[in-house]
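*Asks:* no sequence on hand, only this structure:
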């Protein structure tokens, strides 16, 4: 869509779904990535669907149409530098939407800036790019949203990834991170 950009909105925690539905009702395109969280109680395990980036959601709009968004209950502000909202890279949103459509298991992950960037070459996540780490004998690709400094970990096959550069991936040098 010409002239439309993705922006990150900071919203009141646990109101992400409400704000997303309110914006859609007003005609805006939103993207709220969610994951299934498991909480153990003394007598059971409770499963619930929660926002992947707690307190944030994404909205696609024209740069000049930002003011009505701020009047939606639960919206705190646009994420940006000072009072200037920053545009979220389309590739980052496309990557997250691809993971959401694939049905792959995902979870919040600490933001990482260093590490080998790889491209997934096989399976439902084909053509996505991210950072791959070894975690308890299985591999996960880390997809990041730079603006929010948040990341998501997605499980994958080791054979399905290939380095983006000609340099061999240094997976052995990336410390294993336990979940």
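*Replies:* Cool, got the structure. Only a predicted model underlies this, so the values are computations on that prediction, with no experimental measurement involved. Numbers count the residues shown, from 1 in each chain.
*Asks:* the nearest residue to residue 13 once chain neighbours are set aside: how many residues sit nearby?
*Replies:* On the basis of C-beta to C-beta, 6 or more residues apart in numbering, the spatially nearest residue to residue 13 that is not a chain neighbour turns out to be residue 55, at 4.6 Å. Using the backbone N, CA and C atoms, a C-beta is placed for each residue, glycine as well. Using other C-beta atoms under 10 Å, residue 55 has 16 neighbouring residues.
*Asks:* how close does the closest residue to residue 30 other than its chain neighbours sit to residue 34?
*Replies:* On the basis of C-beta to C-beta, 6+ apart, the spatially nearest residue to residue 30 that is not a chain neighbour turns out to be residue 20, at 4.6 Å. Shown here: residue 20 relative to residue 34, a distance of 10 Å by C-beta to C-beta, to the nearest Å.
*Asks:* those two: which has the busier surroundings?
*Replies:* For the pair residue 20 and residue 34, the greater number of neighbours falls to residue 20 (23 against 17), based on other C-beta under 10 Å.
*Asks:* hang on, residue 77 packs against residue 8?
*Replies:* No: under the contact definition of C-beta atoms under 8 Å, residue 77 does not touch residue 8, with a separation of 9.8 Å.
*Asks:* settle it for me: which of these two has more neighbours?
*Replies:* Shown here are residue 77 and residue 8; by other C-beta under 10 Å, residue 8 has more neighbours (24 against 13).
*Asks:* check which element follows the lengthiest helix in the chain along the chain.
*Replies:* For the chain, the helix that runs over the most residues, judged by DSSP state H, is helix 90-102. Next helix or strand after helix 90-102 toward the C-terminus (DSSP states H and E): strand 106-109.
*Asks:* part of a helix, is the residue nearest to residue 30?
*Replies:* Yes: residue assignment for residue 20, taken from DSSP: H, G, I helix; E, B strand; the rest coil, places it within a helix.
*Asks:* ok, which stretches of the chain are helices?
*Replies:* Counting by DSSP H, the chain forms helices over residues 16-25, 67-70, 90-102, given from the N-terminal end onward.
*Asks:* fine by me, thanks again.
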